[in-house]
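Novice: give me the fold of what follows.
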Amino acid sequence: MRQLQSSRGWWRLSAFGPTCSPQCGLQLGRRLVQMHVRARHALEESIRFHSFSMWILTKNFVDLHDCYLASVGRSLLLAQSFEQNCKFVCLIWDLGDAFESKTISDVEQLPDYSALLLKRFLGTVIQRFGSRYPIKREQYEILERAREARNYIAHEAGTPCLYYNTHEPIIEALPQLRTNITALAEGDNLVSGWSYMIQEKNFPPAGIRQSHVHEITSYILEPLEDYV
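Specialist: As a prediction, the model looks like this:
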């Protein structure tokens, strides 16, 4: 059995078949060594990038971490507002459909049926807005952008504070955070207006709808006002 020595030991060439020449075996051996080196470098880079991916060591935080996380926390309030408004509006519209279609015919069925509808995921609710109800295309796009922004804030916005104890990753993340907060505020503004019309039987006050995006965005980013 022909063998080729490498920095990691012996590569067995018999696996490549009886017609494999010594030159072919050498080439294959070198390729395997190169693959090993690249894999090792990739692993080292992954370990370096995720060097803080264990416990959250707050003693390593600088002041910017606190400011950034304060804004992320405030943005979660907006994310929950958007999700609950979407679910409420879709619930009311779907209950109207359910009564018209005789899916439910007794008010005693309302609590259980409502609880079932409220368990739907946000993505499902927004898809229903677009497929079942006559909202404008641009309104659906606003909601879809807000959904994506909500997911970013809920699942990714804290990442710069997980892996580093310096301020550079946070500074780099600020434009993306601001963009997603604005998109989320626009979606919440739209669906809040629908919720108002359902509950108050009137059009929402123009002043609130015109100022909401700016005011809520400014509030969320206020801890970072020295950096954005």
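Novice: show me where the protein dips below the pLDDT cut-off.
Specialist: Along the chain, the model assigns pLDDT under 70 to residues 1-30, 32-33, 35-37, 39-53, 101, 164-165.
Novice: just the helices in it please.
Specialist: Taking DSSP state H, the helices of the chain run over residues 22-49, 63-100, 110-118, 122-132, 137-155, 159-162, 168-200, 206-221.
Novice: columns mean neighbour count on top of those helices, output as CSV?
Specialist: Where C-beta positions appear, they are placed from N, C-alpha and C, glycine not excepted. Listed next are the helices of the chain as CSV, based on neighbours: other C-beta atoms under 10 Å:
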stretch, mean neighbour count
helix 22-49, 12
helix 63-100, 18
helix 110-118, 13
helix 122-132, 16
helix 137-155, 18
helix 159-162, 18
helix 168-200, 18
helix 206-221, 15
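Novice: got CSV for the ones you listed, with distance to residue 227 too?
Specialist: Supplementary listing: the helices of the chain in CSV, determined by distance: least, C-beta to C-beta, whole Å:
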stretch, distance to residue 227
helix 22-49, 23
helix 63-100, 7
helix 110-118, 38
helix 122-132, 30
helix 137-155, 18
helix 159-162, 12
helix 168-200, 6
helix 206-221, 9
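Novice: figure out which of the ones you listed is closest to residue 56.
Specialist: Ranking these by their distance to residue 56 (criterion: C-beta to C-beta) puts helix 159-162 first, at 7.1 Å.
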